[in-house]
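> Quick one: sequence and predicted model below, then my questions.
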Amino acid sequence: MAEEMKGMRLEQRHGKARVRVGRVWETEDGRHSFAEWSVSITLLSDCLPAYIHGDNSSIVATDTMKNTVYVKAKECSEQISMEDFAIGLGKHFTSFYEQVTAAIIKIMEKPWERMYIDGQSHEHGFKLGSEKHTTEVTVKKSGALLVTSGIEGLAVLKTTKSGFEGFVRDKYTILPETRERMLATEVTASWRYSFESLSSIPAKPLYFNDRYLNVKKVLVDTFFGPPKEGVYSPSVQSTLYQMAEAVLARFPDISSIQLKMPNIHFLPINLSTKENLIVKFEDDVYLPTDEPHGSIEASLSRILSKM
Ligand SMILES: O=c1[nH]c(=O)c2[nH]c(=O)[nH]c2[nH]1
């Protein structure tokens, strides 16, 4: 919300960050499912008198926003995706409060995965996985909607089928060209769905959870290639593009995707004295590093033809 006065412009928003909630659902046969979310709410609302005159009469307290997360979690009697939960919260804030024109809801899900014991899925046991599912939903009073989902911390590594050749060589360059190296990264992805109104959201329960798992699979499968032969990567840039393209090709309801793929370097170990070569690198012994790392990111969007 922005307002101009006395030759100045005030932009403001307020909300509650990192409201943590865990929700258990039990089906009729006694099987539990579980989600743990960290919810951040931002409201765009007309509450300028609070800033300018100390008049709080139009402020929705951030404490109330926090409570609403718990009330709405309680009201979800069946398992729900966090995208649908975020959409529901956004709908609530923009319809319940006249002064609220838009709500931005961000959620990060903790990667609790159902436990398997001797190949059998446990009814109520979960263990913490690694990469995290994220979402950011904007709901406007008009019903206009923007849904993005993402993944954070997807660490992947392959020990061969990667190289880097043909790059700029000048007096600052020492990196040798190679067709044999390690490739390691920690993927952060965020993709935007093409649904633009509350009425166009798929009614299928857990639609967004299903999409998340499938997008993750396409990203991972494209990074690695087939199990036996793999796929050659000429650069992180090329692999990133292949991954983004595969997601857009596979999922018509995704209109754009952004990928961040740091190039996490594993350095060859060569040890020698003046007289002796102690360890000669033969694509086998590496120094793992986390900094510095290459930072490579790009986004790929469909260009919508204007008919
Ligand atoms: O895949 C790569 N892309 C780069 O841009 C780059 N730069 C670099 O030093 N190594 C690599 N590897």
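Structure's in. What do you need?

> For the ligand, what's the nearest residue on the stretch 1-150 of the chain?
Nearest residue of the stretch 1-150 of the chain to the ligand: E131, at 21.4 Å (C-beta to the nearest ligand atom). Glycine gets a C-beta too; all of them are placed from N, C-alpha and C.

> these two touch, right, that residue and K216?
Yes. Under the criterion of C-beta atoms under 8 Å, E131 makes contact with K216 at 7.4 Å.

> tell me what the longest helix anywhere in the chain is packed against?
The single longest helix within the chain, with elements called by DSSP state H, is helix 207-224. When contacts are defined as 3 or more C-beta pairs under 8 Å, 6 or more residues apart in numbering; DSSP states H and E, helix 207-224 sits against helix 82-96, strand 145-158, strand 183-193, helix 236-250.

> hmm, who's touching that helix?
81-84, 131, 133, 135, 147, 149, 151, 154, 156, 158, 187, 189, 191, 204, 230-231, 239, 242-243, 246-247, 250-251, 253-254 (C-beta atoms under 8 Å, 6 or more residues apart in numbering).

> and if you look at stretch 56-69?
Contacts for stretch 56-69 (C-beta under 8 Å, 6+ apart): 14-16, 19, 21, 39, 41, 43, 45-47, 49-50, 89, 92-93, 97, 99-100.

> go again using 7 Å as the cut-off
By C-beta atoms under 7 Å, 6 or more residues apart in numbering, the list of residues contacting stretch 56-69 from outside reads 14-16, 19, 21, 39, 41, 43, 45-47, 49-50, 89, 92, 97, 99-100.

> Tell me which of those fall in helices.
Using DSSP H, the contacts of stretch 56-69 in helices are 49-50, 89, 92.

> Walk me through the domains of the chain.
Following automatic domain parsing, the chain resolves into domains at 1-143, 149-307.

> Could I get those domains in TSV, plus columns for mean pLDDT and mean neighbour count?
Formatted as TSV, the domains of the chain follow (pLDDT from 0 to 100; neighbours: other C-beta atoms under 10 Å):
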stretch	mean pLDDT	mean neighbour count
domain 1-143	96	16
domain 149-307	96	15
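
> what does this structure put close to the ligand?
164, 175, 235-237, 263, 294 (C-beta under 6 Å from any ligand atom).

> Identify the farthest-apart pair in the residues you listed.
Farthest apart among the residues of the chain next to the ligand by C-beta to C-beta are L175 and Q237. That separation is 15.1 Å.

> list the residues that contact both of E131 and K216?
With C-beta under 7 Å, 6+ apart as the test, E131 and K216 both reach I151.

> tell me which element W37 falls in.
Element membership of W37 [criterion: DSSP states H and E] is strand 32-45.

> helices or strands next to that strand in the packing?
Secondary-structure packing of strand 32-45 (3 or more C-beta pairs under 7 Å, 6 or more residues apart in numbering; DSSP states H and E): strand 14-26, helix 82-96, strand 100-109, strand 120-128.

> Now for the residue most central in space within the chain: which residues touch it?
With distances taken as C-alpha atoms, centre = their mean, G150 lies nearest the centre of the chain, 2.4 Å away. Contact partners of G150, counting by C-beta under 7 Å, 6+ apart, are 134, 189-191.

> Could you export those residues to a markdown table, including columns for distance to R179?
Shown next, in a markdown table, are the contacts of G150 (distance: C-beta to C-beta, whole Å):
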| residue | distance to R179 |
| --- | --- |
| T134 | 36 |
| A189 | 27 |
| S190 | 32 |
| W191 | 32 |
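
> in terms of contact, does R23 touch A73 like I think?
Yes. With contact defined as C-beta atoms under 7 Å, R23 and A73 form a contacting pair (5.0 Å).

> that older thread, right, and the pair among the ones in helices among the contacts of stretch 56-69 with maximum separation?
Within the ones in helices among the contacts of stretch 56-69, P49 and L89 form the most distant pair, 25.3 Å apart (C-beta to C-beta).

> Distance of the residue nearest to V69 when sequence neighbours are not counted relative to A35?
Among residues not flanking V69 along the chain, V19 sits closest, at 4.6 Å (C-beta to C-beta, 6 or more residues apart in numbering). Note on V19: its distance to A35, by C-beta to C-beta, to the nearest Å, is 14 Å.

> Next: T135.
Counting by C-beta to C-beta, the separation of T135 from A35 is 12 Å.

> Identify the contacts common to those two.
By C-beta under 7 Å, 6+ apart, the residues touching both T135 and A35 are M82.
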